[in-house]
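> Could you look at this predicted model? Sequence included:
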Amino acid sequence: MTEWADHKPILSDIRLAIKTGQRPTAIILRDKYAGYRDYDDSLWQVLRAHTVNPNEWTDWDMTLASVAQLIEDYTDKNNGQLYWVDASDKVQWEIRSSFSGYDAAIEAEKEGHEFLPGESLYAVPIFDENDPPTFQEWIENLDNDTTHPPGYKNAGHQEWEILDAQEERDRKRQEILDKLKKKG
């Protein structure tokens, strides 16, 4: 079964195309003649490219834009699920959790802190040895399913059992606070 997250890079390309006034097929395929080009004709670029307007949307472009809009319109803004998936009794839900270092740092700092009127907190990421995490590493972690929360234990292919997650989060929160205090 395909995970919903597998489709998000294509949706990002479609949104980019619409936002920049480009054709979705051209952005997705990285080819301004996508939808017009005859890939079996080795002379197409030389003999026929001048006969088409690469900015004119094809049926594929219209369909991709319509589908992207449909997904946006029918996605629950609170939980990010498509309405027909969220409401279906055919769906079983696997519960996972995630950890946000940003949220942990803010929550830890709020404890015992008295705020002045108008004062708010924000966190700034500090990277070890100027080595920030990369998008590519994050994608690889998603592919390897290593984005699980601290303290998880795989209890089967359909269930996740979270063991000592609160303790692990508290430990991670303290680690972050210690790093912030050392650098500050």
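Cool, got the structure. Residues are numbered from 1 along each chain as shown.
> Show me the shaky parts of this structure.
For the chain, the stretches flagged by pLDDT under 70 are 1-8, 142-170, 183-184.
> hey, where'd the strands end up in this protein?
Along the chain, the segments classed as strands by DSSP state E run 152-154, 160-162.
> quick one: stretch 113-123 to chain centroid distance?
30 Å (CA atoms, centre = their mean, to the nearest Å).
> Give me the contacts around that stretch.
Stretch 113-123 has contacts (CB atoms under 8 Å, 6 or more residues apart in numbering) with 101-102, 105-106, 109-110. C-beta here means a position set from N, CA and C on the backbone, and glycine is covered the same way.
> Quick check: of those, which lies closest to residue 46?
Within the set of those, residue 102 lies nearest residue 46; the separation is 53.1 Å, counting by CB to CB.
> Filter the contacts of stretch 113-123 down to just the buried residues.
For the contacts of stretch 113-123, burial is judged from neighbour counts taken by 16 or more other CB atoms under 10 Å, and it is met by 105, 109.
> for the contacts of stretch 113-123, which one is nearest residue 13?
Proximity of the contacts of stretch 113-123 to residue 13 was ranked by CB to CB; the top entry is residue 102 with 27.2 Å.
> Skip the chain neighbours and tell me the closest residue to that closest one.
Across the structure, with CB to CB, 6 or more residues apart in numbering as the measure, the residue nearest residue 102 apart from its sequence neighbours is residue 123 (4.9 Å).
> just residue 56 next, same as before
On the basis of CB to CB, 6+ apart, the spatially nearest residue to residue 56 that is not a chain neighbour turns out to be residue 23, at 8.0 Å.
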